[in-house]
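In: Give the three-dimensional model of this entry:
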Amino acid sequence: MMYENKSQINRIVSHSLKSGNMVSDSVVSIQDNNKSWTFLPNSTPIQNVLFKPLFKIKKMVRRTLYTIKSESTIMYWSAAIMLLFFVGCFVGLLIDDRTLMGVNVWIKPLKFSISIGVYLLTVGYLVTKYPYSRKKKNIINHITVWMLVVEMGIIALQAYRGVQSHYNTSTPFDAILFMAMGVLTGTVVLIMALFIIDTIRLKLKTGKAMQWAILLGWCVIFFGSWVGGQMIAQLSHNIGVASGGAGLPLVNWSTIGGDLRIAHFFGLHGIQIIPFFGFWVSRKWKSSDRKQIIAVTLFALAYALWIGFTFYQAKQGMALIAQ
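Out: Numbering: from 1, shown residues only. Prediction:
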């Protein structure tokens, strides 16, 4: 059957509601003649304008998670483990009032559980876009998972002990754990380097603009990891002031001196932000590959300049947001 317009579909839906064939809060998705509508029956146009993007986002998230669960199973369940870490750290935050360098001991593992969980899901999805054999995908996924899960375990253990996890060489045991974390992180960075090389030499299961966005995302996160190396080299993330002290809520970025964690943070999340922009451009802007690649390049350049600015500012001992 051919539908002339959305009004005709609304009349059909209203009739179905009256006859009892549909509940009033059903979400309706109808496709006809290469067109699609998603809306709530009996809702106003304004309500449909508000809800339609949410339905699309929900559908995209579910499809992405399904892809990760079916093709990168260990990544999916390891991200679920990070969710358990998050819940445990949140409970610790509520019942444990111990502090370390001015913040609750459970803040750091809570932040890392979120960051690692997001990274596992990101790699678990992106690896499906590479023309790898199943064996190679499994090797990459398993190495990434074990390195990050063990690192998360060390961070949680040190929080439980009430001591620093990073830059802690106060005892032989703490020094061994800190060095182990360096090895674990270094291995993950080597996997990033592999992705950079393979994104250059292989044809991914994406459009050209999306592949370019993924490449730039890997380059940015590689730089973000290098910033992390800078912090390890000086055994501190602050510049110009001692570690700790006044900081922004939750992230605790220093408000009295330079803080390399800012550039590190934005660098690490470039692998989500830049490819997402590439995905949006390829979906919403129906233009040539060349124009889409230019748009992605300009966005990535602006993002990289922002990271460079925060890195330079921190090196000068200046706070991003001063007191």
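In: use CA for all of it now, contacts and neighbours both
Out: OK.
In: domains of the protein?
Out: 6-43, 73-315 (automatic domain parsing).
In: Check which element follows the helix or strand hosting residue 193 along the chain.
Out: Using DSSP states H and E, residue 193 sits in helix 172-201. Helices and strands here follow DSSP H and E; after helix 172-201, the next one along the chain is helix 208-234.
In: Pull out the buried positions in that following helix.
Out: 208-229, 231-232 (16 or more other Cα atoms under 10 Å).
In: which strands and helices sit next to it?
Out: helix 172-201, helix 261-268, helix 270-284, helix 289-315 (3 or more Cα pairs under 8 Å, 6 or more residues apart in numbering; DSSP states H and E).
In: Would you point out which residue is most central in the chain?
Out: With distances taken as Cα atoms, centre = their mean, the chain has residue 118 as the residue nearest its mean C-alpha position (4.2 Å).
In: Report the separation between it and residue 161.
Out: Residue 118 sits 26 Å away from residue 161, going by Cα to Cα, to the nearest Å.
In: next one: residue 256
Out: Here residue 256 is placed at a distance of 28 Å from residue 161 (Cα to Cα).
In: neighbour-wise, which of those two wins?
Out: The residue with more neighbours, out of residue 256 and residue 161, is residue 256; 22 against 11, by other Cα atoms under 10 Å.
In: Among the domains of the chain, show me which one is buried the most.
Out: domain 73-315 (a mean of 18; mean count of other Cα atoms under 10 Å).
In: So what would you say the end-to-end distance of it is?
Out: 41 Å.
In: again, but for stretch 204-211
Out: 6 Å.
In: three-state assignment of residue 319?
Out: coil (DSSP: H, G, I helix; E, B strand; the rest coil).
In: For it, the count of nearby residues, please.
Out: Neighbours of residue 319 using other Cα under 10 Å come to 24.
In: was I right about it contacting residue 248?
Out: No: contact criterion Cα atoms under 8 Å: residue 319 and residue 248 do not qualify, at 10.3 Å.
In: between these two, what contacts are shared?
Out: Jointly contacting residue 319 and residue 248 under the rule Cα atoms under 8 Å, 6 or more residues apart in numbering are 254, 255.
In: quick one: low-confidence ranges for this protein?
Out: By pLDDT under 70, the low-scoring segments of the chain are 1-53.
In: Packing partners of the helix holding residue 193?
Out: Using 3+ Cα pairs under 8 Å, 6+ apart, helix 172-201 is in contact with helix 134-161, helix 208-234.
In: Just the angle for the first one relative to helix 172-201, thanks.
Out: With axes from the mean of the first three to the mean of the last three Cα atoms, to 10 degrees applied, the angle from helix 134-161 to helix 172-201 works out at 150 degrees.
In: Report all helices and strands that helix 134-161 contacts.
Out: helix 73-95, helix 107-126, helix 172-201.
In: That helix: how far from the chain's middle?
Out: 16 Å (Cα atoms, centre = their mean, to the nearest Å).
In: what do you get for the last one?
Out: Centroid displacement of helix 208-234 relative to its chain, using Cα atoms, centre = their mean, is 13 Å.
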